[in-house]
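In: Show me how the following folds:
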Amino acid sequence: MSVALLVMDFQPAILASLDDPDALLDRVAGAIADVRAKGGTVAYVRVAFTEDDWAAIPAANKAFSAVAEHRGLPDADPATAVHERLAPQPGDIVVRKTRHGAMSTTDLDRQLRARGVHTLVVSGVSTSGVVLTTVLDAADRDYELYVLSDGVADPDPEVHTLLLDRVLSRRAHIIDTAELADVL
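Out: Take a look at the predicted model:
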């Protein structure tokens, strides 16, 4: 099957920015099970940093220079692991990134193409970070894109709604987890 579900930034440290992540975790766990049942690929993306990563972040990078300065999201910290309810299984793709997008600092694109994937279903925290950046990048790489409206979240509900309704919908099909079976 040429479909991959991207499970992005579902890490305890990131989920802590949401008021109630439990329902989101349940929906994404269901989407993972659906994709696995149909023989699709599940690709996990997590953000975490090593000493070398922090040292490579320039002060000009507004989003990540503060992370580097405070040595935030260390790679060895359990809070930067994929949440245990969504744990990767053998055969899944797992990449670690050091910027917002899932592809810019990883080999995710190469791994997906090696598996013949041309359709991506996107889930992630946050809509204004990893989801937005990854959808824009993946659209430029000519993937067919679907965003799970109930599989993405953002600490700012207004930004979340604006991005789904006005920005992401121009580059991706917006579906919910109940509609995922139609894509698979």
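
In: what about Asp9, how many residues close to it?
Out: 27 (other C-beta atoms under 10 Å). Glycine gets a C-beta too; all of them are placed from N, C-alpha and C.

In: and stretch 43-54, C-alpha only, in PDB?
Out: Extracted C-alpha coordinates of stretch 43-54, given in PDB (Å, rounded to 0.1, in the frame of the first residue of the first chain):
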ATOM      1  CA  ALA A  43       5.900   7.000  10.400                       C
ATOM      2  CA  TYR A  44       6.700   8.600  13.700                       C
ATOM      3  CA  VAL A  45       8.400  12.000  13.900                       C
ATOM      4  CA  ARG A  46       9.700  13.300  17.200                       C
ATOM      5  CA  VAL A  47      11.500  16.500  18.000                       C
ATOM      6  CA  ALA A  48      14.600  16.200  20.300                       C
ATOM      7  CA  PHE A  49      18.100  17.700  20.600                       C
ATOM      8  CA  THR A  50      21.600  16.600  21.300                       C
ATOM      9  CA  GLU A  51      24.500  18.900  22.400                       C
ATOM     10  CA  ASP A  52      25.500  19.100  18.700                       C
ATOM     11  CA  ASP A  53      22.000  20.000  17.700                       C
ATOM     12  CA  TRP A  54      21.700  22.800  20.200                       C
END
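
In: ok, and what's touching whichever helix in the chain runs longest?
Out: Looking across the chain with DSSP state H, the single longest helix is helix 22-37. Contacts to helix 22-37, defined as C-beta atoms under 8 Å, 6 or more residues apart in numbering, come from residues 3-5, 7, 10, 15, 18, 41-42, 83, 85-86, 89, 121, 123, 125, 148, 150-151, 153, 177, 180-181, 184.

In: Sitting in strands, which of those do you find?
Out: 3-5, 7, 41-42, 121, 123, 125, 148, 150-151, 153 (DSSP state E).

In: now, which of those residues sits nearest Val159?
Out: Using C-beta to C-beta, Ala153 comes nearest to Val159 of those, at 10.8 Å.

In: Ignoring the adjacent residues along the chain, who's closest to the residue of the chain most remote from its centre?
Out: Distance from the centre of the chain peaks at Ala59, with 25.0 Å (C-alpha atoms, centre = their mean). Spatial nearest neighbour of Ala59, excluding adjacent residues (C-beta to C-beta, 6 or more residues apart in numbering): Ser65 at 5.1 Å.
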